[in-house]
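1. heads up, no residue letters with this:
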């Protein structure tokens, strides 16, 4: 017990707001705490993780307390609210429109993994992960940004997206929350609803026993406290590409397809396996963004969580420890 207390004291001494902003070792501390909580309690809620980290870092706790009036919530149905809570309470960032990375070592993103019937711990990514805005691909100034580039790494976007932090929530439908076995899906639609057919072709391996279109609803900001967390990773695409030539090759192929469809003024996601360009913003808008497909997101998390990617038929998934 004394050794455990000493270890906790050491962690508390090293976690400061400056360390959180500048040192990606903080992500490892977060992930270790998530695993410890899951091992002790069976699951890790957002509130539980926040309480533990605030206990280890009083400076972060005090910052959140003193700035709570500045943390404005316009709607509990805000799709990005979970991410804003994570940024504020785990990283000390208030919501802002700054284009600079959230931390010195990358942007903070949140995503959801869904449980599949391959096992209680079997999960894969429910959704794509939006990385950065491209703009209107029909405008010449945006075409010029990519027209003479031979790889994603040569574009201005790469510095923004090559490193990042991804916190992984467990998707829980309202049906699952109420512990009902009835299958009454209330389908939601992605931003790119008119390209659903293409999206399904690109990610057909994600179709196995898919329950992800059941709505996850929240009535109050406090109801977000119960969201379950599976893990958190810090990724670096430079490392991923150098250690996994196959992934680098697929990204290069995806970039070539994206560049070609932009130059030909026929922007589509067709054939893009890991990196794609998707609709972003308002429903009928023309703005596009770069994103990781859910297929790649599952593989990326498997690499950084340190668990194997399991393939069964056309489906790929990982088993969280």
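-> In hand now; what should we look at? Because the structure is predicted, anything quoted here is derived from the model rather than measured. Numbering: from 1, shown residues only.

2. wait, doesn't residue 143 sit right on residue 262?
-> Yes - assessed by CB atoms under 8 Å, residue 143 is found in contact with residue 262 at 6.1 Å. From N, CA and C alone the C-beta is placed, and that goes for glycine too.

3. Now do the shared contacts for the two.
-> Applying CB atoms under 8 Å, 6 or more residues apart in numbering, one finds that residue 143 and residue 262 are jointly contacted by residue 137.

4. neighbour count winner among the two?
-> Applying other CB atoms under 10 Å to residue 143 and residue 262 shows that residue 262 carries more neighbours, namely 21 against 16.

5. That one: which element?
-> Element membership for residue 262 (DSSP states H and E) is helix 245-263.

6. buried residues in that helix?
-> By neighbour count on 16 or more other CB atoms under 10 Å, the buried set for helix 245-263 is 247-248, 250-252, 254-255, 257-259, 261-262.

7. Please compute how far stretch 63-77 lies from its chain's middle.
-> Relative to its chain's centre, stretch 63-77 lies at 22 Å (CA atoms, centre = their mean, to the nearest Å).

8. Which stretches in this structure count as helices?
-> Counting by DSSP state H, the chain has these helices, from start to end: 2-14, 17-22, 25-41, 46-56, 58-66, 81-91, 140-147, 158-161, 174-177, 196-202, 237-243, 245-263, 294-305.

9. quick check: angle from the longest one to helix 294-305?
-> Between the axis of helix 245-263 and that of helix 294-305 there is an angle of 150 degrees, by axes from the mean of the first three to the mean of the last three CA atoms, to 10 degrees.

10. ok, now the fifth one?
-> Interaxial angle, helix 58-66 versus helix 294-305 (the same axes, to 10 degrees): 140 degrees.

11. likewise the fourth one?
-> Helix 46-56 and helix 294-305 are oriented at 30 degrees to each other (the same axes, to 10 degrees).

12. Which neighbouring elements make contact with helix 46-56?
-> Helix 46-56 is packed against helix 2-14, helix 25-41, helix 58-66, helix 81-91, with contacts defined by 3 or more CB pairs under 8 Å, 6 or more residues apart in numbering; DSSP states H and E.

13. Over to the third one?
-> When contacts are defined as 3+ CB pairs under 8 Å, 6+ apart, helix 25-41 packs onto helix 17-22, helix 46-56, strand 229-236.

14. Tell me the buried residues in it?
-> So, applying 16+ other CB under 10 Å, buried residues of helix 25-41: 26-27, 29-31, 33-35, 37-38.

15. got the angle for that helix vs helix 81-91?
-> For helix 25-41 against helix 81-91, the angle between stretch directions is 110 degrees (the same axes, to 10 degrees).

16. and helix 25-41, what's its mean pLDDT?
-> For helix 25-41, the mean per-residue pLDDT is 96.

17. just for this protein, where's the confidence low?
-> 1-13, 118-119, 173-219 (pLDDT under 70).

18. Distance to residue 100 for the buried residues of helix 25-41 - can I get that in CSV?
-> Formatted as CSV, the buried residues of helix 25-41 follow (distance: CB to CB, whole Å):
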residue, distance to residue 100
26, 18
27, 19
29, 24
30, 22
31, 25
33, 27
34, 27
35, 31
37, 32
38, 33
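
19. and which of those is nearest residue 279?
-> Nearest to residue 279 out of the buried residues of helix 25-41 is residue 27 (CB to CB; 30.1 Å).

20. Skipping its backbone neighbours, what lies nearest that closest one in space?
-> Spatial nearest neighbour of residue 27, excluding adjacent residues (CB to CB, 6 or more residues apart in numbering): residue 234 at 4.1 Å.
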